[in-house]
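Trainee: what shape does this take:
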Amino acid sequence: MLRGVGPVFRVVRKMAASGAEPQVLVQYLVLRKDLSQAPFSWPAGALVAQACHAATAALHTHRDHPHTAAYLQELGQLGRMRKVVLEAPDETTLKELAETLQQKNIDHMLWLEQPENIATCIALRPYPKEEVGQYLKKFQLFK
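Mentor: Down below sits the predicted model:
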């Protein structure tokens, strides 16, 4: 059994009893676009791996939060987990976002590729998009 799932069932049951729709939870990732371009020219697989590392670390770190537990509960319902991958133009922009998220108490993980210690991706824990959209609206979908 997943840790922290008990309260999630109570919240969902309470929402169902009231007729309210369960919140749509989204895990946002912000990946550095410049890593795919010269002079870095990382292959697509390496970039995908960075996003996967960040997403997994954020889910694990915040596994006891009710939103994360509810999001992970959706594993049993194929296709229900939502992720949005956005692009940051460079490392400076990514680190500035991390600082803003930290100041606003938004749970996230800044992934650092080792041993180079390069900031590559930020992953937020799952959130209702209304709670974090204001911090991410300047970023476009990763292309």
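
Trainee: show me the contacts for Leu86.
Mentor: Contacts of Leu86 were listed using CB atoms under 8 Å, 6 or more residues apart in numbering, and they are 28-31, 136, 139-142. For the C-beta atoms, the positions are set from N, CA and C on the backbone; glycine is no exception.

Trainee: got these as JSON lines, with distance to Ile106 and secondary structure columns?
Mentor: Shown next, in JSON lines, are these (distance: CB to CB, whole Å; DSSP: H, G, I helix; E, B strand; the rest coil):
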{"residue": "Tyr28", "distance to Ile106": "10", "secondary structure": "strand"}
{"residue": "Leu29", "distance to Ile106": "13", "secondary structure": "strand"}
{"residue": "Val30", "distance to Ile106": "12", "secondary structure": "strand"}
{"residue": "Leu31", "distance to Ile106": "17", "secondary structure": "strand"}
{"residue": "Leu136", "distance to Ile106": "10", "secondary structure": "helix"}
{"residue": "Phe139", "distance to Ile106": "14", "secondary structure": "coil"}
{"residue": "Gln140", "distance to Ile106": "19", "secondary structure": "strand"}
{"residue": "Leu141", "distance to Ile106": "20", "secondary structure": "strand"}
{"residue": "Phe142", "distance to Ile106": "19", "secondary structure": "coil"}
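
Trainee: was I right to think Ser36 contacts Val48?
Mentor: No - using CB atoms under 8 Å, Ser36 is not in contact with Val48; the gap is 10.6 Å.

Trainee: who's more crowded, the two?
Mentor: Just comparing Ser36 and Val48: by other CB atoms under 10 Å the higher neighbour count belongs to Ser36, 17 against 12.

Trainee: who's in contact with stretch 51-68?
Mentor: Stretch 51-68 is contacted by residues 2-4, 7-8, 11, 23, 25, 27, 29, 31, 69, 71-72, 83, 85, 107-111, 120-128 when judged by CB under 8 Å, 6+ apart.

Trainee: which of the contacts of Leu86 has the most neighbours?
Mentor: In terms of neighbours by other CB under 10 Å, the contacts of Leu86 top out with Val30 at 27 neighbours.
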